[in-house]
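In: Dropping the sequence and predicted coords here.
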Amino acid sequence: MLKLKGSACFRQRLVCATLSGKQVYISHIRENDAEPGLKDYEANFLRLMEKVTNGCVVEINEEGTAVKYTPGIIVVGTITHDCGTSRAIGYFLEPLLCLCPFAKVNSKITLNGITNDDADVSIDTLRTATATMLQQFGLEDIIIKVLKRGAPPKGGGSVLFSCSIVRELTPISITEVGKVRRVRGVAYATRVAPTFGNRVIEGARSVMGDFSPDIFINAEHTKGLESGLSPGFGLTLLAETTTGCIISVEHMGGPGVVPEDLGKNVANTLLEEIYRGGCTDSTTQSVMLLFMALCPEDVSRLRLGPLSDYTVQIIRHIKEFFGVTFKITPDPETKTILYTCLGSGFKNLAKRVY
């Protein structure tokens, strides 16, 4: 049993425990806070883990400051889960991307709640950037479809996630960043005037137009039953390079935010991500490194820019749960770092062999 402390990286620890089959005990969860113990969204995530696995055991003490998690077998299938309104759907979908390829049967999961906010990774980033980059590992059938847009605070959105299972992953070697060849995006607006989306696009184009001639941003305006329960608007931009790498960013507009300013902020954030270097954006780093550790016993390589705090923590957890360490080779010329590791030889033992 691994003994860990604190509430940081709660999802990350449960995902690694489930994949590695190791029991984990997490203590001192906000024990000194005014409201100690698990938050409602963390308890909700534990309920989701019970749905997607068979045989997992969750034990929580009376104060909620300690959790003992015994992993089960990943089964999944067709399920529906209410994510609530405390955190966005991306908070729950990101761990599912790591678990469902190694389930017993193919997954078809409907998640209801908030589709886009600035606290969690957005559905559009997971759909366009993360899922596309994961195809490099041999995961071809990952589909994320937005059925309804749901803005905070009331949500009302719905997302369909389907994923096929694999026996094992394919090692990767993604070391060339390439040049940005085109920029794509979607400006969405729910329960607000359709002109909001067009104004966001104008703001983004005023910045990106000086750097790339190939820019296409789709204006998506939802109304009626597909517009959720709260008004909102936002923009997702992604840059695709000549080597197939994808870098994505997103921001949402809140009360008092001028649409043109939002478009400019997102465009500047995308330029900053491109300047940081690396073959993927900071949101997708952690998932890519985890899948590298789950590859067969062969060498995988990935070039990244500066790591986010979340990614640094998952590298530590990969060593604790899977015994995999990364060789880090800095490149002073490009100011990027090449991460190399030998996979743990993980296999999906739940998948039937015909």
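Out: Okay, I see it. Source: prediction; values computed, not measured.

In: and the longest helix anywhere in the chain, what does it pack onto?
Out: Counting residues, the longest helix found in the chain (DSSP state H) is helix 259-276. Helix 259-276 sits against strand 180-190, helix 195-208, strand 232-241, strand 246-253, with contacts defined as 3 or more C-beta pairs under 8 Å, 6 or more residues apart in numbering; DSSP states H and E. Using the backbone N, CA and C atoms, a C-beta is placed for each residue, glycine as well.

In: neighbours around Pro306, how many?
Out: Applying other C-beta atoms under 10 Å, we find 13 other residues in the vicinity of Pro306.

In: does it sit in a helix or strand, and which one?
Out: For Pro306, there is no helix or strand it lies in under DSSP states H and E.

In: before we move on, which element is the spatially most central residue of the chain in?
Out: Taking C-alpha atoms, centre = their mean, the centroid of the chain lies closest to Glu94, which sits 3.9 Å from it. Assigning secondary structure by DSSP H and E places Glu94 in helix 89-99.

In: Isn't the residue nearest to the centre of the chain up against Leu48?
Out: No: here Glu94 lies out of contact with Leu48, judged by C-beta atoms under 8 Å, at a distance of 11.8 Å.

In: quick revisit: could I get the average pLDDT for the helix holding Glu94?
Out: Here helix 89-99 scores 97 as its mean pLDDT.

In: Mind listing residues that contact it?
Out: For helix 89-99, the external contacting residues (C-beta atoms under 8 Å, 6 or more residues apart in numbering) are 11, 14-15, 18-19, 41, 44-45, 48, 52, 74, 76, 81, 83, 107, 109, 111-115, 120-123, 125-126, 130-131, 134, 142, 144, 150, 157, 159, 161, 163, 287, 290-291.

In: distance of Leu111 from Ala119?
Out: 16 Å (C-beta to C-beta, to the nearest Å).

In: same thing with Ala88?
Out: 7 Å.

In: what about these two, which has more around it?
Out: Between Ala88 and Ala119, Ala88 has the larger neighbour count (other C-beta under 10 Å), namely 30 against 12.
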